[in-house]
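Asks: Predicted model follows, preceded by the sequence.
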Amino acid sequence: MPPRPRFDRRAPVRELPNINERIAYPQLRVVDADGSQLGVITREAALEVAQDRELDLVLVSEKADPPVCRIMDYGKYKFEQEKKAKEAKKKSHQTEVKEVKMRYKIDQHDYDVRIGQASRFLKAGDKVKCTVIFRGREIQHTALAEVLLMRMAKDLEEAAEIQQPPKREGRNMIMFLSPRKTALASKGSSGAGSAAKSSRSKPEASGTAAAPGPGEG
């Protein structure tokens, strides 16, 4: 019987940054903290300049000839790089399809729960698959299921738009909602604008009454 493999319990070797004394190249092209060129100088001279400025000597291009180093605050630089990486990760959110299931005879409380779930998914940038499940003879009530799905689309219209309208698939009826890309037009503001436009189009009433015509009065 072959011997069982042994697990390496040693801690993984961390890749340390090439800064200060870890830089082994004898000649370096050095860029100062303000972006000015210090030219090609020895490693010792570059370290001395960095120490005088109370900063770090950081290797930025190892493949250049000679290698390029920059004098900077490495702690601040590392913090900014990690911050940029986190922001990039947030922006690169992979859209997923989340499902919300219900029956066409759902009560109000459970319906509100489904609305809350769908709203959270949409705010996170995900699409929502709204599914009405039929059991037994419930398949006869597809019209009620469609009404329910359209009601859900209406209740979520500020955050979502219909990607695929209600459609029967086997013993289910499904509808897809996607996060709304453009803000929903306010009905109140358009109504107010129409009212204002209508009032401006009406002729202003004269303060003086018209004189009665012949035979009037």
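Replies: Noted; the coordinates are in hand.

Asks: biggest strand in this protein, by residue count?
Replies: Determined from DSSP state E, the single longest strand within the chain is strand 160-169.

Asks: Can you give the contact residues for the helix or strand that comes right after that strand?
Replies: Using DSSP states H and E, the helix or strand that follows strand 160-169 towards the C-terminus is strand 172-179. Under the criterion Cβ atoms under 8 Å, 6 or more residues apart in numbering, residues 97, 118, 122-123, 125-134, 142, 145-146, 149, 152-153, 156, 159-167 lie in contact with strand 172-179. (Glycine included, C-beta is placed from N, CA and C.)

Asks: Now do strand 172-179, average pLDDT.
Replies: Mean per-residue pLDDT for strand 172-179: 94.

Asks: Check stretch 133-146 too.
Replies: Taken as a whole, stretch 133-146 has a mean pLDDT of 91.

Asks: the strands in this protein, which residues?
Replies: 27-31, 37-42, 56-61, 68-72, 97-102, 127-133, 160-169, 172-179.

Asks: need those in a markdown table with mean neighbour count and distance to residue 83, can you?
Replies: Shown next, in a markdown table, are the strands of the chain (neighbours: other Cβ atoms under 10 Å; distance: least, Cβ to Cβ, whole Å):
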| stretch | mean neighbour count | distance to residue 83 |
| --- | --- | --- |
| strand 27-31 | 20 | 22 |
| strand 37-42 | 13 | 28 |
| strand 56-61 | 19 | 18 |
| strand 68-72 | 22 | 16 |
| strand 97-102 | 15 | 29 |
| strand 127-133 | 21 | 29 |
| strand 160-169 | 15 | 32 |
| strand 172-179 | 20 | 26 |
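
Asks: Please tabulate those in a markdown table, including the columns distance to residue 88.
Replies: Output for the strands of the chain, formatted as a markdown table (distance: least, Cβ to Cβ, whole Å):
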| stretch | distance to residue 88 |
| --- | --- |
| strand 27-31 | 25 |
| strand 37-42 | 30 |
| strand 56-61 | 20 |
| strand 68-72 | 21 |
| strand 97-102 | 24 |
| strand 127-133 | 22 |
| strand 160-169 | 26 |
| strand 172-179 | 20 |
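
Asks: shouldn't residue 157 be in contact with residue 182?
Replies: No: Residue 157 is not in contact with residue 182 according to Cβ atoms under 8 Å; the separation is 12.0 Å.

Asks: quick one: which of the two has more around it?
Replies: residue 157 (13 against 6; other Cβ atoms under 10 Å).

Asks: excluding its backbone neighbours, what's nearest that one?
Replies: Excluding its sequence neighbours, the residue lying closest to residue 157 (Cβ to Cβ, 6 or more residues apart in numbering) is residue 184, at 6.1 Å.

Asks: With respect to residue 20, which of the strands of the chain lies nearest?
Replies: Nearest to residue 20, of all the strands of the chain, is strand 56-61, at 5.4 Å by Cβ to Cβ.

Asks: Just the angle for the closest one relative to strand 27-31, thanks.
Replies: Strand 56-61 runs at 100 degrees relative to strand 27-31, counting by axes from the mean of the first three to the mean of the last three Cα atoms, to 10 degrees.
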